[in-house]
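# Kindly generate the corresponding structure for this input.
(one chain, ligands or ions: 1)
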Amino acid sequence: MGKPHVMAIPYPAQGHVIPLMEVAQCLANNGVKVTFVNTEFNHKRVVEAISQTGGVHELISLVSVQDVMESWEDRNDHGKLADAMINIMPQRLQNLIEKINGTESDEITCVITDIYMAGAMDVAEKLGTPLKNQLIQLSPSMPEMSTQNFAWSCFPDLTMQKLIFQAILVNNKLAELAQYLICNSSHDLEPGALDFLPNSLPIGPLLASNRLGKPSGHFWPEDSSCLEWLDQQPISSVIYVAFGSFTVFNEVQFQELASGLELTNRPFLWVVRQDITQDIDEAYPVGFKERVKNRAKMVDWAPQQQVLSHPSIACFLTHCGWNSTTEGVSNAVPFLCWPYFADQFLNQGYIVDHWRVGLGLERDENGIIKQEEIKDKVEKVLSDGSFRTRVLELKEKTIAGVAEGGSSLKNFDKFIDWIKEY
Ligand code: UDP
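Below you'll find the model as predicted:
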């Protein structure tokens, strides 16, 4: 029997690359060789960020596959990307596997690939699309979902919605071929959803702290100066504000957010990606930076997992990406939810209605979250200690799952044994 050699293929987005890289690091720590495949564009960014912040395990080799998007195309066009991943990528991956198997001594023995989005989707197939606008609940242990907020419904035009919906259906069909569906989740977080996936193997939450390392796979170098800044702030005082890698704001909403943070009169750490809004240098309200300079820090990209584990953090204003959600829970940080698209509305449902560890922000009649709403909800979440108590309880259960004897760790060990035997 040859040595196990895993090929890991994430969906080409930040929130998919980081957790799969975490799996790769865990596999490598268990002596398994991993070839990690990024699209050319992302490969360059990951290698560049790693060269500034530290390397990956020697058993992991980072390789690239030709991009499905041309250099001039908009990488945030999710419809086009999802379509290309289904129609163009499989052939390119096949070529890559054949090339590796033809040249390397250890052939690929197992492929771990991203399912993209699973869960409730096949129900939609049964119900048919388009769906009526209504609330549905798939299981008593899952939050209610509005059909309006289904992963594909949040996209602006019908063509894109159809492309995403088709991609999800194809992915779910193909997922039936998989031996296991390893999930960045745990039985304590979403038992009902996992019951829908009989061959699922929850191994999460996948966090760098589970193996005492640094996360890798970032598309941008992290600005660690915010950790020193956090050291200067009082315990449980700082609002951490970050919206993941995709979320964008129009000028009005960006200004309203800035003014809302100013209005709280509290310290805040805000991740302002260069592409979060148009013309970032001109986007802030006049005089904002000067007025908040003694209690605020803005960075392009933060070492988020370390930030969330810092004792100065009081709450997390988030877009509710699944990684951000599990990272917040694992560090017992109460949430303020500002979902943008995809699974983020469902994740908000878990946070607000199901686990009751945070509050949602309401939009006004023009779809804007106003500064007063931001201030009010910050005050509410921070003045009611029950959010902190519940998130602490959830953290303890969740972290126990990845500790010695926990269900996620047992699942991971089972998966490693399977890879090594195969
Ligand atoms: N992240 C980070 N620094 C930042 C913002 C985000 O390291 O300043 C990381 C975060 O810890 C998470 C990932 O980027 O692991 C974002 O994934 P998520 O699923 O939350 O959101 P997405 O980017 O997919 O919308």
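# Which strands or helices does the helix or strand Val381 falls within pack on?
Assigned by DSSP states H and E, Val381 belongs to helix 371-383. Packing partners of helix 371-383 (3 or more C-beta pairs under 8 Å, 6 or more residues apart in numbering; DSSP states H and E): helix 251-264, strand 313-318, strand 335-337, strand 358-360. From N, CA and C alone the C-beta is placed, and that goes for glycine too.
# Ok, which of those comes nearest Gly15?
Proximity of the helices and strands packed on helix 371-383 to Gly15 was assessed by C-beta to C-beta; the nearest stretch is strand 313-318, lying at 12.0 Å.
# Could I get the pLDDT score of the spatially closest residue to Ala242 that is not a sequence neighbour?
Excluding the flanking residues, the one nearest Ala242 by C-beta to C-beta, 6 or more residues apart in numbering is Val271, at 3.9 Å. You'll see Val271 listed with a pLDDT of 98.
# Equivalent analysis for Leu96, please.
86.
# tell me which element it is part of?
With DSSP H and E as criterion, Leu96 is part of helix 89-103.
# again with Val391
helix 385-402.
# what's in contact with the helix or strand encompassing Lys44?
Here Lys44, judged by DSSP H and E, is contained in helix 40-53. With contacts defined as C-beta atoms under 8 Å, 6 or more residues apart in numbering, helix 40-53 is touched by 12, 17, 38, 56, 62-67, 69, 71, 75, 214, 216-222.
# which helices and strands sit right next to the helix or strand following the helix holding Leu96?
Going down the chain from helix 89-103, the next helix or strand is strand 110-113, by DSSP H and E. Using 3+ C-beta pairs under 8 Å, 6+ apart as the contact test, the elements touching strand 110-113 are strand 5-9.
# could you point out which element follows the strand it packs on?
Counting by DSSP H and E, the next helix or strand C-terminal to strand 5-9 is helix 14-29.
# mind listing what the nearest residue to Phe341 once chain neighbours are set aside touches?
Of all residues not flanking Phe341 in the chain, Cys154 sits nearest, at 4.0 Å (C-beta to C-beta, 6+ apart). Residues near Cys154 by C-beta under 8 Å, 6+ apart: 340-342, 345.
# ok, those vs Leu169, which is closest?
Ala342 (15.8 Å).
# how close does the closest one get to Ile164?
9 Å (C-beta to C-beta, to the nearest Å).
# same thing with Gln371?
Applying C-beta to C-beta to Gln371 and Ile164 gives a distance of 32 Å.
# before we move on, what about Val391?
From Val391 to Ile164 the distance is 32 Å (C-beta to C-beta).
# before we move on, back to that, so for the helix holding Val381, what gets flagged as buried?
371, 373-378, 381-382 (16 or more other C-beta atoms under 10 Å).
# Save those as JSON lines, and put in pLDDT and distance to Glu290 too.
Below are the buried residues of helix 371-383 laid out as JSON lines (pLDDT from 0 to 100; distance: C-beta to C-beta, whole Å):
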{"residue": "Gln371", "pLDDT": "98", "distance to Glu290": "18"}
{"residue": "Glu373", "pLDDT": "98", "distance to Glu290": "25"}
{"residue": "Ile374", "pLDDT": "98", "distance to Glu290": "20"}
{"residue": "Lys375", "pLDDT": "98", "distance to Glu290": "20"}
{"residue": "Asp376", "pLDDT": "98", "distance to Glu290": "25"}
{"residue": "Lys377", "pLDDT": "98", "distance to Glu290": "26"}
{"residue": "Val378", "pLDDT": "98", "distance to Glu290": "22"}
{"residue": "Val381", "pLDDT": "98", "distance to Glu290": "28"}
{"residue": "Leu382", "pLDDT": "98", "distance to Glu290": "26"}
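# Centre-most residue in this structure?
Asn323 (3.3 Å; C-alpha atoms, centre = their mean).
# who are the neighbours in contact with it?
Asn323 sits in contact with 15, 18-19, 184, 244, where contact means C-beta under 8 Å, 6+ apart.
# again, only using 10 Å
Each residue near Asn323 by C-beta atoms under 10 Å, 6 or more residues apart in numbering is listed here: 14-16, 18-19, 22, 184, 204-207, 215, 244-245, 304-305.
# quick one: Ser236 and Val381 touch, right?
No - with contacts counted by C-beta atoms under 10 Å, Ser236 stays clear of Val381, the gap being 11.9 Å.
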